[in-house]
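**Student:** take a look and give me a structure for this.
(2 chains)
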Amino acid sequence: MTLASKKLSLTINDKAIDAMDVPETMMMLDFLHEYLNLTGARMGCGQGICNACSVIVEHEDGTLQEARTCITGAHWFAGKKVRTVEGHAKRDASGAIVELSPVQQAFIEHFAFQCGYCTPGFVTGATVLMDQLKRNPVARADLEKTITDALDKHICRCTGYVRYYEAVRDLALNTPGLVKA
Amino acid sequence: MNARFSRRDFLKASIAAGVAIKVSFLLPSARAQLIETPPLPGPDWLKADGKPRYRLDAIAKVTGQKTFSRDYRASDLPGWPKEQSHAFLIHATKADQVFEGIDLNVLGDDLKPDRVLLHEDLMADGIVIPVLGFYGDVFLVPKGQTARLLGQPVALLIYRDFARYDAAKRMVRFNDSVVRYGEKAPYSHPANYGAARYVRIGGSDPSDEDVYSPLKDAVIYGGFSDNEPTWPAAGEGDPMALGMAAAEEIKKEIDSAGDDALVLRRNYFSQSIDASAMEADNGNVWYDSSAGTLHAMIATQSPYEVAEVSAILVSKSKFPLKNVDLKVGYTVGYGTKDHAILPFYCVVAGLYGDGRPVRLANDRYEQFQLGLKRHAFWMDNALVIDRATGKFRAMTGHFKNDGGGRANYSFSVAMVGATAAQSIYYLPKSDFSAAALASRAVDAGSTRGYGTLQSMSATEMMVDEAADLLGMDAIDLRLKNVFKSGMKNSQGAIPAGALRNEEILLKARQHPLWIQRAEKKASFDAANPGKKYGVGFGHVQKDYGTGAEAALATIEFDAKGRIRLAHVAHEIGTGATTSQAIMVGDILGRVPDETEYGKVLWPQMPLESTDEPYTLSQSDEDQRKQNPRWTPRITSPMSATNSVYYLGHATREAARALVELSIWPAAQSLWSRGIGGGALAPYSVRSDELRLVNSIVNAGGMPSLSIADVAAEAHRLGLITGVTVHTFNRWQWTEAEFDIPGVGHRKMAIDAIALKYGDGAPPDKKALMTLDGWQFLNRTAVSYPPVQRNNAGVTYYAPMATFAEVVVDIGSGEVALLSHHTITECGTQVVPELVSGQIQGGIAMGVGHALKEYLPLYEDGPGDGTWNWNRYELPRARDVAVWSQTAEVLPPLSSTDAPKGLAEVVMIAIVPAIANGIAHAIGKRFYELPITPEKIREALT
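**Tutor:** This is a model prediction of the structure:
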């Protein structure tokens, strides 16, 4: 096989991936699935339309960015810190979950999802939104619009979005500092 | 969704005898993750009142665990080789030129597949379509022939590594040079799939005996002349001829209606759509030739069918087969993964893996190209209304659907569409026909709504227009004609239980959206030049079930009171696994400590079935049922609509049996301890006073007992401590009688039972437990609903009414949904959060059908391989009034109301509500869906 490849190093869920040989044209989603067996980020469209595949890129300044892995090459992530849905909950040394992230907890308590296929993308999107609200709180009157603007790109076919959105709103309202009085 | 296709051919064609079939749900490790509910040990998912804090599967799903079949690779599957191969299909995008071969030069040497399979290769190895007709006639297009349908695969390519597979697939996609076509040739799709007609003339009063009806007389079956259905001649004697005479009488009455009647004739079109389940169809198959075992992990809503048909497929081929071991994960399909063909392409790929597992997983383009679609429907309706009374005199509807190039359930979908067309109205006379056409389109199947979304939306749009033409309030017109409890449907059957449509209409008539619509329109339109406000209403009732619903469930408890539930149900997103467990808690007062779903092996239930529930004659069934192990069907495909009521019936019957056979006598034993009959003797406590709540047993003022104490006593006494039941429903429940050891004669709404006795049971009783620790009890009598019930079409309905508040931009033609409000009724809500989730999700899908989603049927349609969500627009949060929607669910009439399946009805009412809202907004009616901005602009110019 002579597919052009090169070494890829990055950090995923706080774990260093060191110099893996990865085809130059491979998408990040396929790298996650087929090379790292991280299948939480999901293939929906392969076009960057539905955002089921999105993951978080953690920048050095602490800000978070959503990235669509089905249309972004794996090598674009070289040297970056990535968080997939598998890396949101706190785990013990054995890998067992000991605490969900606030977004995850809000989703399960609101019965936010049904089939759950799009859930990793919503966890990603809502987590990035919470981070943005922490840095730039919004007025209460703007909260629903802010949530819609942030999450409208995520497609869900089961739920009609309502319980996802209500979960995010409740979390924003119940987390000090995200919403201005 | 319904599944009325006879599976007789599936089994009669079978040469799979001797093949052991095993189906299991997920892997033990994944199952454990689902129920251990970290971070807290134990039933953290339950609140103190026994209601769920979150779904049983919530933690696994929200943390991205492997739950879907698609998440699994060979290395995740114990016992499988670790090396994974990958396959993809190359598809024909032309159906009018012969296929000559494939040209893979574009791949060069580097990306050449490790294995290429054409039709001729499969034929040489004896691989043929396992169920001819239902799944077409060939997997791959033969050389020198045309594709039966657009998008039909021509070749299967297998790669031993992912990187080359991935790169090759990208090279081949959209490349017109890969498939070589020859001369023009006629289309080669099959003949049309079937035509049926439901004619009814009621008596002088809804309660009188019908003059003619399908249930009383016959469903009329027709043939075809080209694409037009042909029907038997009208006449006397033969029930179908009599039916045609009745149809002629109705037609004559409509044609000769005088000025005292409004005769409204309208043609409607409902488009083909792709349900766009987020998980595209996929499977991973390992054929172990040394053991003759086909191992598979496949996404499907009908796992038993996949396993069984896979056994038939492989058995006919050169590949030796002794075992089929199918694993299924969670999946989602909205019906499109029920009897879909992709699982069998996966099996074929697996046979050529040279000992390695082969994964075949559609990308989105392929899913559009190969996935089952919702049928396009053309509907020719006529409605006759008495102008003085507003009463409907008669309605006719003649429907055609396009099933594409494989039969699948097209005929069944057409029939169900016809039986639903009456919507919520009582029709004294009706004539609904349905013809399922074959074409070169991508095949359509059992998609959510199953023909009823199409036909009922048309009826509701028609009734709204009729009200306009009569100068009547549209809800008042509905109230004059609403179908009430005890009336007969268009098949002549009386639906089950209370129909509460009138109550819903009376509520709707008082809703502010309706009362204030004229006033709000005037003020909104004045304040917003270029925009028009409107409110529309739609009200439907949808059948749930298939007329052959079968299920198995086990509930047992140990001496510590730990309860275990095992069930055939598996999860397709609706929360079935959560609600089945909650149902046990509602009856036994304790939610199961352990659950097993998707269980297919039931050694304690040695049932036999010919699986012909729709086609068996009464005399054959009467003969076969003498065998106490015989049942018309063992299990049904999993659908969102059949879980809570039909699958739940097995759960509830097993739980109730345990209460009667075990909990009550054990509690009595404890309460009557001591001199003179203990605390129980002075009181007169009856079994119906028993209350089981929060793991505590109470009755009539007796001291509280813990479930654990009662369970220990039941075991000590050797009472029944486990019950497995099989249930069957043919629009009515089967009942059977049993002589239960130590208890006596009992009649139950089940057709088979197995029992387990407690630890203290005497040896002679324990000796009866010969089947995996269970005693299968032969029934002494059974009463299956008569096969004539098949003609009833449906008897179980769930209603839903929806208001849509819309604004139409008359410049752009865009429709914005300001809000919507729904009124529904579903008996007892098992988990209200899941019910409201179904309502919200169904409405979003309906919004897509009404306003956005559309697929051309033929050359420029999904078979061309270029469709994806960039051009196929799905509803997003902005489109569904995410922050401004409301819903109310009527409380049950009593605490004993059964739950109703509403997963399909929830998406229908919004469709006509939007269409009627647009008509209110701009004064234009639309008869073809979806109502796009282009259509609106055109109508306004």
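**Student:** can you list the residue ranges for helices in chain A?
**Tutor:** A:28-30, A:102-109, A:119-135, A:143-151, A:162-174 (DSSP state H).
**Student:** so for the second one, mean pLDDT?
**Tutor:** Spelled out, that is helix A:102-109. Mean pLDDT, computed over helix A:102-109, is 97.
**Student:** that helix to helix A:162-174, inter-axis angle?
**Tutor:** 130 degrees (axes from the mean of the first three to the mean of the last three CA atoms, to 10 degrees).
**Student:** also the longest one?
**Tutor:** Compare the direction of helix A:119-135 with that of helix A:162-174 by the same axes, to 10 degrees and you get 30 degrees.
**Student:** spit out the contact partners of the residue of chain B found nearest chain A.
**Tutor:** When scored by CB to the nearest CB, chain B has residue B:64 as its residue closest to chain A, at 2.3 Å. Just so you know, the C-beta spots here come from the backbone N, C-alpha and C atoms, and that holds for glycine as well. Residue B:64 sits next to A:38, A:39, A:40, A:41, A:84, A:85, A:86, A:119, A:120, A:123 when contact means CB atoms under 8 Å, 6 or more residues apart in numbering or on different chains.
**Student:** look up how far residue B:69 lies from the second one.
**Tutor:** As judged by CB to CB, to the nearest Å, residue A:39 and residue B:69 stand 11 Å apart.
**Student:** related to what we said a few turns ago, go through the helices of chain A and name the closest to residue B:661.
**Tutor:** helix A:102-109 (36.7 Å; CB to CB).
**Student:** in TSV, list the helices of chain A along with distance to residue B:604.
**Tutor:** Shown next, in TSV, are these (distance: least, CB to CB, whole Å):
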stretch	distance to residue B:604
helix A:28-30	45
helix A:102-109	35
helix A:119-135	37
helix A:143-151	48
helix A:162-174	39
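**Student:** if we can go back for a sec, so which of the contacts of residue B:64 reach chain B?
**Tutor:** A:38, A:39, A:40, A:41, A:84, A:85, A:86, A:119, A:120, A:123 (CB under 8 Å from any CB of the partner chain).
**Student:** what number of residues lie near residue B:186?
**Tutor:** 8 (other CB atoms under 10 Å in any protein chain shown).
**Student:** same deal with residue A:169?
**Tutor:** Residue A:169, neighbours per other CB under 10 Å, totals 18.
**Student:** and the residue of chain A closest to chain B?
**Tutor:** residue A:40 (2.3 Å).
**Student:** ramachandran angles for the nearest residue to the residue of chain B closest to chain A once chain neighbours are set aside?
**Tutor:** Leaving aside its chain neighbours, residue B:64 sits nearest to residue A:40 (2.3 Å; criterion: CB to CB, 6 or more residues apart in numbering or on different chains). Note on residue A:40: backbone dihedrals following degrees, to the nearest 10 are phi -70, psi -40.
**Student:** residue contacts, the residue of chain A closest to chain B?
**Tutor:** A:84, A:85, A:86, A:120, B:63, B:64, B:65.
**Student:** make JSON lines out of those and add distance to residue B:340 and pLDDT.
**Tutor:** Below are those laid out as JSON lines (distance: CB to CB, whole Å; pLDDT from 0 to 100):
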{"residue": "A:84", "distance to residue B:340": "30", "pLDDT": "98"}
{"residue": "A:85", "distance to residue B:340": "28", "pLDDT": "98"}
{"residue": "A:86", "distance to residue B:340": "29", "pLDDT": "97"}
{"residue": "A:120", "distance to residue B:340": "25", "pLDDT": "98"}
{"residue": "B:63", "distance to residue B:340": "29", "pLDDT": "95"}
{"residue": "B:64", "distance to residue B:340": "26", "pLDDT": "94"}
{"residue": "B:65", "distance to residue B:340": "25", "pLDDT": "91"}
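**Student:** in these, which residue is surrounded by the most others?
**Tutor:** Result: residue A:85 is most packed of the contacts of residue A:40 (other CB under 10 Å), 29 neighbours.
**Student:** separation between that one and residue A:42?
**Tutor:** 9 Å.
**Student:** and for these two, which residues touch both?
**Tutor:** Contacts common to residue A:85 and residue A:42, judged by CB under 8 Å, 6+ apart, are residue A:120.
**Student:** residue B:352 versus the nearest residue to residue B:292 once chain neighbours are set aside, what's the distance?
**Tutor:** Once flanking residues are discounted, residue B:292 sits nearest to residue B:322: 3.8 Å by CB to CB, 6+ apart. As defined by CB to CB, residue B:322 lies at a distance of 19 Å from residue B:352.
**Student:** those two - which one has more neighbours?
**Tutor:** Taking other CB under 10 Å, residue B:322 and residue B:352 do not tie; residue B:352 has more neighbours (23 against 14).
**Student:** burial count for the nearest residue to the more buried one once chain neighbours are set aside?
**Tutor:** Once flanking residues are discounted, residue B:352 sits nearest to residue B:115: 5.5 Å by CB to CB, 6+ apart. Applying other CB under 10 Å, we find 17 residues neighbouring residue B:115.
**Student:** thought residue B:350 was touching residue B:115, still the case?
**Tutor:** No - between residue B:115 and residue B:350 there is no contact under CB atoms under 8 Å: 11.8 Å.
**Student:** could you name the helices and strands sitting against the helix or strand of chain A with the lowest mean pLDDT?
**Tutor:** Taking mean pLDDT, DSSP states H and E as the measure, strand A:97-99 is the helix or strand of chain A with the lowest mean score, a mean of 88. The elements that strand A:97-99 packs onto, with contact taken as 3 or more CB pairs under 8 Å, 6 or more residues apart in numbering or on different chains; DSSP states H and E, are strand A:90-91.
**Student:** OK, contacts around residue B:170?
**Tutor:** residue A:25.
**Student:** from residue B:681, how far out is the residue located most distally from the centre of chain B?
**Tutor:** Note on chain B: the largest C-alpha distance from the chain mean falls to residue B:675, namely 57.1 Å (CA atoms, centre = their mean). With distances taken as CB to CB, residue B:675 is found 9 Å from residue B:681.
**Student:** what is the neighbour count of residue B:267?
**Tutor:** 12.
**Student:** dig out what the closest residue to it other than its chain neighbours forms beta bridges with.
**Tutor:** Counting by CB to CB, 6+ apart, residue B:267 lies nearest to residue B:380, which is 5.3 Å off, once chain neighbours are set aside. When bridges are called by DSSP bridges, residue B:380 pairs up with residue B:267, residue B:398.
**Student:** read off the pLDDT value for residue B:380.
**Tutor:** At residue B:380, pLDDT is 98.
**Student:** my read is that it contacts residue B:397, right?
**Tutor:** Yes - using CB under 8 Å, residue B:380 is in contact with residue B:397, at 6.9 Å.
**Student:** the strand or helix carrying residue B:458 near chain A anywhere?
**Tutor:** Using DSSP states H and E, residue B:458 falls within helix B:452-470. No - figure legend: helix B:452-470 not in contact with chain A (CB under 8 Å from any CB); closest approach 15.5 Å.
**Student:** for residue B:387, what are its contacts?
**Tutor:** With CB under 8 Å, 6+ apart, residue B:387 has these contacts: B:259, B:260, B:261, B:262, B:470.
**Student:** go again with 10 Å.
**Tutor:** B:258, B:259, B:260, B:261, B:262, B:469, B:470, B:471, B:472 (CB atoms under 10 Å, 6 or more residues apart in numbering or on different chains).
**Student:** isn't the third one right up against residue B:388?
**Tutor:** Yes - assessed by CB atoms under 10 Å, residue B:260 is found in contact with residue B:388 at 6.5 Å.
**Student:** more neighbours, those two?
**Tutor:** Legend: neighbour count by other CB under 10 Å for residue B:260 and residue B:388, higher for residue B:260 (11 against 8).
**Student:** which residues touch that one?
**Tutor:** Contacts of residue B:260 (CB under 10 Å, 6+ apart): B:385, B:386, B:387, B:388, B:389, B:393.
**Student:** and the furthest pair within those?
**Tutor:** B:388 and B:393 (11.4 Å).
**Student:** overlap in contacts, the two.
**Tutor:** B:260, B:261.
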